[in-house]
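Novice: What shape does this take:
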Amino acid sequence: MSRSRAKGTAWESRIVEALREAGFAGAERRALNGARDRGDIAGVIGTVIEAKDCQRTELAAWVDEADKEAANDGARYGVVWHHRRGRSAPAAGFVTMSGHTFLLLLKDALGIESEDD
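Specialist: Predicted coordinates for the structure are as follows:
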């Protein structure tokens, strides 16, 4: 396994551990699915999590990837959980999503229904 892949696997595992500690008992790492990839982490209903621990930050490409993988999975939300340099805990990392996803999340949290979801 390459150093880069090992780093990514370790980050995914730390995210899964954080989710489980937060009460998401079904959180788990997903196997790669090629062109129909459905994200790195499963077990949060309606949400695809793409985990990133990269030297270079590429938010636009990462968010596009998360949105595509959410569509592949039939999930409502696609998010990127990326590592913050100098901090090892996932809770200190960043979660990035499109504005559209953020609006869906807010509307769902507040119970606001609309036709344009």
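Novice: distance between the ends of stretch 83-94?
Specialist: Terminal residues of stretch 83-94 are spaced 7 Å apart (Cα to Cα, to the nearest Å).
Novice: Tell me the buried residues in that stretch?
Specialist: His83, Pro90, Gly93 (16 or more other Cβ atoms under 10 Å). C-beta here means a position set from N, CA and C on the backbone, and glycine is covered the same way.
Novice: Contacts for it next, please.
Specialist: Outside stretch 83-94, the residues that touch it by Cβ atoms under 8 Å, 6 or more residues apart in numbering are Trp11, Arg14, Ile15, Glu17, Ala18, Lys52, Asp53, Cys54, Trp81, His82.
Novice: Tell me which two of these sit farthest apart.
Specialist: The span of the contacts of stretch 83-94, defined through Cβ to Cβ, is set by Glu17 and Cys54 at 20.1 Å.
Novice: now could you export just the CA positions of the helix or strand harbouring His100 as CSV?
Specialist: Using DSSP states H and E, His100 sits in helix 99-110. C-alpha atoms of helix 99-110 as CSV (Å, rounded to 0.1, in the frame of the first residue of the first chain):
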residue,chain,number,x,y,z
GLY,A,99,-24.5,25.6,-1.2
HIS,A,100,-27.4,23.5,-2.5
THR,A,101,-26.6,20.7,-0.1
PHE,A,102,-26.3,23.2,2.8
LEU,A,103,-29.8,24.6,1.9
LEU,A,104,-31.2,21.1,1.9
LEU,A,105,-29.6,20.4,5.3
LEU,A,106,-31.0,23.6,6.8
LYS,A,107,-34.5,23.0,5.4
ASP,A,108,-34.5,19.4,6.6
ALA,A,109,-33.3,20.5,10.1
LEU,A,110,-36.0,23.1,10.4
